[in-house]
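J.: sequence plus predicted model, see below.
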Amino acid sequence: MCLHQRLACKCGRNEAYLFHRDDILPEKVVINLYCPECRNQADWDDTTMIEDVGWIIEYDIEAAKFYIGLKGVHNLINNLITPEFIFDEDYCSWYGMSPKDLEENARVHQELFPLQKKDKLSYFNELKKRRLSQFAELKRAGWRKAQNI
Ligand SMILES: [Zn+2]
């Protein structure tokens with residue numbers, strides 16, 4: 001089971017879909033979420049925060065160490081559990097490639113639904129084409145999770 005949550009940012013003007021790999025970290029491990037419009041309210045601290053294309057996620061690092069340690073997933077020295085580690089290992093990061101990737105995906109599926117009914121093969125080809133062009137766009141925009149694809 002992988003938990004995911006939809007979280008509003010600090011100013012409430014935007015929201016993001018967050019993914020929690022294997023349900024190890026609880027929702028409350030995210031202390032704050034800042035969108036590009038409210039990121040200036042964040043008191044930047046690289047020991048608890050990660051930045052991605054203008055968004056900032058602030059983690060409760062002590063809680064993260066506790067829960068990851070509890071599961072015994074990694075025999076890591078505690079100080080290796082950093083915001084980058086939590087994000088890159090998907091313990092708590094965007095659902096998909098960006099805060100809105102899940103929504104974007106749902107929109108594409110909805111758009112292609114009539115085609116799915118009509119012609120399965122064209123549907124899969126079109127889906128693949130759209131997804132690849134989305135990935136290229138996300139990569140160009142600099143999203144961290146899109147850099148290695
Ligand atoms: Zn905001």
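T.: Perfect, I can see it now. Residues are numbered from 1 along each chain as shown.

J.: CA atoms of the lengthiest helix in the chain as CSV?
T.: Across the chain, the longest stretch assigned as helix under DSSP state H is helix 120-141. Output in CSV follows, covering the C-alpha atoms of helix 120-141 (Å, rounded to 0.1, in the frame of the first residue of the first chain):
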residue,chain,number,x,y,z
LYS,A,120,-7.5,0.3,-28.4
LEU,A,121,-4.3,0.3,-30.3
SER,A,122,-4.5,3.9,-31.4
TYR,A,123,-5.5,4.8,-27.8
PHE,A,124,-2.3,3.2,-26.4
ASN,A,125,-0.1,4.8,-29.0
GLU,A,126,-1.6,8.2,-28.4
LEU,A,127,-1.4,7.8,-24.7
LYS,A,128,2.3,6.9,-25.0
LYS,A,129,3.0,9.8,-27.3
ARG,A,130,1.3,12.3,-24.9
ARG,A,131,3.1,10.9,-21.9
LEU,A,132,6.5,11.1,-23.6
SER,A,133,5.9,14.7,-24.6
GLN,A,134,4.8,15.5,-21.1
PHE,A,135,8.0,13.9,-19.7
ALA,A,136,10.1,16.0,-22.1
GLU,A,137,8.3,19.1,-21.0
LEU,A,138,8.7,18.4,-17.3
LYS,A,139,12.4,17.6,-17.9
ARG,A,140,12.9,20.9,-19.7
ALA,A,141,11.1,22.8,-16.9
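
J.: what comes up buried for that helix?
T.: Under the neighbour-count criterion of 16 or more other Cβ atoms under 10 Å, helix 120-141 has 123, 126-127, 130, 134, 138 buried. Heads up, the C-betas are built off the backbone N, CA and C, glycines and all.

J.: in the protein, which residue sits furthest out from the middle?
T.: Computed with Cα atoms, centre = their mean, the residue of the chain farthest from its C-alpha average is residue 118, at 33.1 Å.
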